[in-house]
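Novice: A predicted structure for the sequence below; I have some questions about it.
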2 protein chains.
Amino acid sequence: MSRDSRSRINLAEVASAAGVSKMTASRVLRNASGFSEATRERVMREVERLGYVPNRIAATFSSEQTSTIIGVSVPYLSSSLFGAVLDATNHALAKFGYQTMIGAHENRAETEETWVRNILSWRPAGLILSAHMHSRATRDLIGQHGIPVAEIWNLNTSPFDLSIGFNHHDCGFEMGQYVLSRGHRRIGYVGADAEAPGLGAVRRQGFEAALATASLSLHAVEILNDRSGFYAGFYGTETILNRNPGLRCIYYQDDAMAIGGYYYCKSRGMDVPGDIGIAGWGSMEAASVLPQRLTTTIVSTEALGRTAAVALIKRIRGEPVDDVTITATRLAPGATV
Amino acid sequence: MSRDSRSRINLAEVASAAGVSKMTASRVLRNASGFSEATRERVMREVERLGYVPNRIAATFSSEQTSTIIGVSVPYLSSSLFGAVLDATNHALAKFGYQTMIGAHENRAETEETWVRNILSWRPAGLILSAHMHSRATRDLIGQHGIPVAEIWNLNTSPFDLSIGFNHHDCGFEMGQYVLSRGHRRIGYVGADAEAPGLGAVRRQGFEAALATASLSLHAVEILNDRSGFYAGFYGTETILNRNPGLRCIYYQDDAMAIGGYYYCKSRGMDVPGDIGIAGWGSMEAASVLPQRLTTTIVSTEALGRTAAVALIKRIRGEPVDDVTITATRLAPGATV
DNA sequence: CTTGAATGCGTTACCGGTAACGCAATAGAC
DNA sequence: GTCTATTGCGTTACCGGTAACGCATTCAAG
């Protein structure tokens, strides 16, 4: 491993090898104007021959702009919903020459704050923050730097800058209406993540608002401290049904939990939706192999991520862009309610 | 949005406000030696008051070292197995002051090469590459820069530097032995991702090696072009069983596919494991809610990610570290074989 | 033939930190 | 009281690019 030869080749060496000035070599590499075709070829030949890799640290530093780094923060990296968001943003950002620096805030404001502080020291071109409330210090830091920010997932009531998300309230309201239309009355809710902001609470409120139109309220609510997941849904359902044997329908924070709940009910010999109705959110892939089509809300986390990345880039470039974008969702009736 | 005031505050301003030289302020902030407690307090007060955020671009540039960036490349960001790896590496790296720059190579050597080229322009302190073969150009680039690299997931036969992974061959072999011990004979294999290197092929080979000890070979193999997932398993099972009605056991690329296969079999009224045995790999959470315990191999992708991150940091710091680390796996007999 | 603009390239001066070195003041050893 | 080591801090010179500017040369228009 040739530690010494590490990146000894810099622009000056490429330039002198090509018999031009540093500046001309720089122009060629940035594809700026001001050089002849013959010069371009000479420079590029030396770039190839010497294996020159541009130093973006130096480039960013010299032009004293922000870097081409975009910070992206999600609750967890191991989450199928946010994983798809990450894939979509990363893909879109890379296409426009930006690099993604990730963070996992784990639904804690302090974790997010530490990450923001760190990432700002890289002078990023923009930030994508998701599904979280920000600490006072976080808001101050970001405001101070005057950097474009896209907040995604939930539609923030007082966004920094751009807001791209699902209308969780409507998702919940719509599902509430549907559940009522199917004749259910004693209805419960099972969530997780201790109701971290944006991860279910707003949908639950929308759901309750729909119930209220029929003068009903949630018969039972079970919010686990664990992370959302299949087993959390299984266990949460066991708990809520033990405490409320009369429950006839459960709205879940997401499909993973709904699927877990579905199998709990099946394991107890219950009929779905005869004995109990089950509704999820998120159109997660795991639902595709259930014996019955899961009643859920279809969302496209890919579309969300892509839209957010494109909007942020437009903002960075100073192009016009909507401050608020609602990503479409659609209720899938399914067969479990 | 105060674009103009963006990061006007630099070390020089902090220093002059505190009545010291830039260098002294720098020493305080880096916690280097050579300043008195009184000076430290004066500097830190101004840092607080002015809201100074260090400029890591400039710091990295000046000291002409590599940055504190670590590049991490995985097949997809939306993958429960690799998501957990990302979470673990990111967490461990952040704790030691490194930032993660991610890439998704999508199982294509050219995509990885493009990413490597890009990331090297940030002069990263190290790279974590996963589950992939590298192009000649990729190998050259990395060799040229002489940068520490950890290759994870599979145990590479000719690693750059560090190799941390599961012993996929043994996983397959062990499962093959177990399946045989349960009396199965006409055995098939269902995979996906067009057998991208490291994502299943080696396990399949190990499995076949075990069958060979009983003078058996795979009765049928179905490799889909799609990405692995629940529905891929469902569909792959439908395909392989239609073509090979006599199949009595299927080994799957991973648990998601095994679960999909399980539900396909159930949907056809088959008894598991009476009519057909089902074995997966990866101890994915979704299996926790199946009516039967899935026969699978328990792996810890978190441990893999953490180990890789720690090993890479040790290498970067020049501390002694094993070139090859095998992350433990364990066969879980379950009840589906 | 002159003139103005365009083209192709070099020079200079930075960007915001840090390594290396130097030097005064102080403290402890003899 | 002198001598040396240590402490605390400032000065200088960069790191590798790029913006801004300047200056020849070329070429078409008048």
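Specialist: It's in.
Novice: alpha carbons only for contacts and neighbour counts from here, please
Specialist: Will do.
Novice: for A:Gly103, give me phi and psi.
Specialist: Main-chain dihedrals, A:Gly103, degrees, to the nearest 10: phi -150, psi 150.
Novice: what pairs with the residue lying closest to it once chain neighbours are set aside across the strands?
Specialist: Distance criterion C-alpha to C-alpha, 6 or more residues apart in numbering or on different chains; nearest residue to A:Gly103, sequence neighbours excluded, is A:Ser73 at 4.5 Å. Beta bridges link A:Ser73 to A:Gly103, A:Leu129 when assigned by DSSP bridges.
Novice: pLDDT score assigned to A:Ser73?
Specialist: Note on A:Ser73: pLDDT of 97.
Novice: my read: it touches A:Arg108, true?
Specialist: No. Judged on C-alpha atoms under 8 Å, A:Ser73 makes no contact with A:Arg108 at a distance of 11.7 Å.
Novice: show me the contact partners of stretch A:175-190.
Specialist: Here stretch A:175-190 makes contact (C-alpha atoms under 8 Å, 6 or more residues apart in numbering or on different chains) with A:204, A:206-211, A:216-224, A:233, A:236-237, A:240, A:246-253, A:257, A:277, A:279, A:296-297, A:331, A:333, A:337.
Novice: for PyMOL, write a command that selects the buried ones of these.
Specialist: Restricted to buried positions by 16 or more other C-alpha atoms under 10 Å in any protein chain shown, the PyMOL selection for these reads:
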select buried, chain A and resi 204+206+207+208+209+210+211+217+218+219+220+221+222+223+224+233+236+237+240+247+248+249+250+251+252+253+257+277+279+296+297+331+333+337
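Novice: now, which of the contacts of stretch A:175-190 lie within strands?
Specialist: Within the contacts of stretch A:175-190, residues falling in strands by DSSP state E are A:220-223, A:249-252, A:277, A:279, A:296-297, A:331.
Novice: of those residues, closest to A:Ser26?
Specialist: Distance to A:Ser26, by C-alpha to C-alpha, is smallest for A:Thr297 among the ones in strands among the contacts of stretch A:175-190, at 51.6 Å.
Novice: I'd say the closest one and A:Ser283 touch.
Specialist: Yes. With contact defined as C-alpha under 8 Å, A:Thr297 and A:Ser283 form a contacting pair (6.2 Å).
Novice: residue contacts, the nearest residue to A:Gly165 once chain neighbours are set aside?
Specialist: In space, not counting the residues next to it along the chain, A:Gly165 is nearest to A:Trp153; the distance is 4.2 Å by C-alpha to C-alpha, 6+ apart. A:Trp153 makes contacts with A:Ser130, A:Ala131, A:Ile164, A:Gly165, A:Phe166, A:Gly198, A:Leu304, as judged by C-alpha under 8 Å, 6+ apart.
Novice: filter the residues you listed to the buried ones?
Specialist: A:Ser130, A:Ala131, A:Ile164, A:Gly165, A:Phe166, A:Gly198, A:Leu304.
Novice: quick one on the thing from earlier: need the contacts of A:Trp153 in JSON lines with pLDDT, distance to B:Gln144 and secondary structure, can you?
Specialist: Converted to JSON lines, the contacts of A:Trp153 look like this (pLDDT from 0 to 100; distance: C-alpha to C-alpha, whole Å; DSSP: H, G, I helix; E, B strand; the rest coil):
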{"residue": "A:Ser130", "pLDDT": "93", "distance to B:Gln144": "38", "secondary structure": "strand"}
{"residue": "A:Ala131", "pLDDT": "82", "distance to B:Gln144": "41", "secondary structure": "coil"}
{"residue": "A:Ile164", "pLDDT": "96", "distance to B:Gln144": "42", "secondary structure": "strand"}
{"residue": "A:Gly165", "pLDDT": "95", "distance to B:Gln144": "44", "secondary structure": "strand"}
{"residue": "A:Phe166", "pLDDT": "96", "distance to B:Gln144": "46", "secondary structure": "strand"}
{"residue": "A:Gly198", "pLDDT": "67", "distance to B:Gln144": "46", "secondary structure": "coil"}
{"residue": "A:Leu304", "pLDDT": "97", "distance to B:Gln144": "39", "secondary structure": "helix"}
